[in-house]
Each structure stands twice: as C-alpha cells, then as structure tokens.
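Novice: below is the structure, and that's it, no one-letter string:
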C-alpha cells in the first residue's frame, strides 16, 4: 500500500512529460517559422531571377 502512496506523490514523470510537451511545442513553432521563411526566400529568388531575365531580354532587344 505504501508503494501506491509513494507512486501517487512521485512527480518526476509529470515533469518529464511537461518538458516533452514544451520541446514539442518549440519544434512545431520552429517548423512553422522555417516554412514561412523558406517561402519568403523562394519568392525573393524568383523575383531576382525574373529581373535578371528581363534585363537580359531588354539588353538583347536593344543591342
């Protein structure tokens, strides 16, 4: 019976679960931020490539 009482008072497992949940929340937030950042970087490179193509096309038509 004392084992059950001690088991109910033991909070080490609960602390480990809390740390696990915090780590999972941080991981989800990091993935969302990296996804948004990746889209932004992709758009920037697309715009730069379009500008370079336009510059080459304008130069070829003027030359």
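Specialist: Great, that's in hand. Since the model is a prediction, treat every value here as computed from it, not as a measurement.
Novice: which stretches of this protein aren't confidently modelled?
Specialist: Judged against pLDDT under 70, the low-scoring parts of the chain cover residues 1, 6-8, 10-12, 63.
Novice: and the lengthiest helix in it, what does it pack onto?
Specialist: With DSSP state H setting the assignment, residue counts place helix 12-62 as the longest helix in the chain. Here helix 12-62 touches no other helix or strand, going by 3 or more C-beta pairs under 8 Å, 6 or more residues apart in numbering; DSSP states H and E. Bear in mind the C-beta positions are built from the backbone N, C-alpha and C, glycine included.
Novice: gap between that helix and the chain center?
Specialist: Mean-position distance between helix 12-62 and its chain equals 8 Å (C-alpha atoms, centre = their mean, to the nearest Å).
Novice: buried residues, stretch 21-33. List them.
Specialist: Using 16 or more other C-beta atoms under 10 Å as the burial criterion, none of the residues of stretch 21-33 qualify.
Novice: lovely, talk soon.
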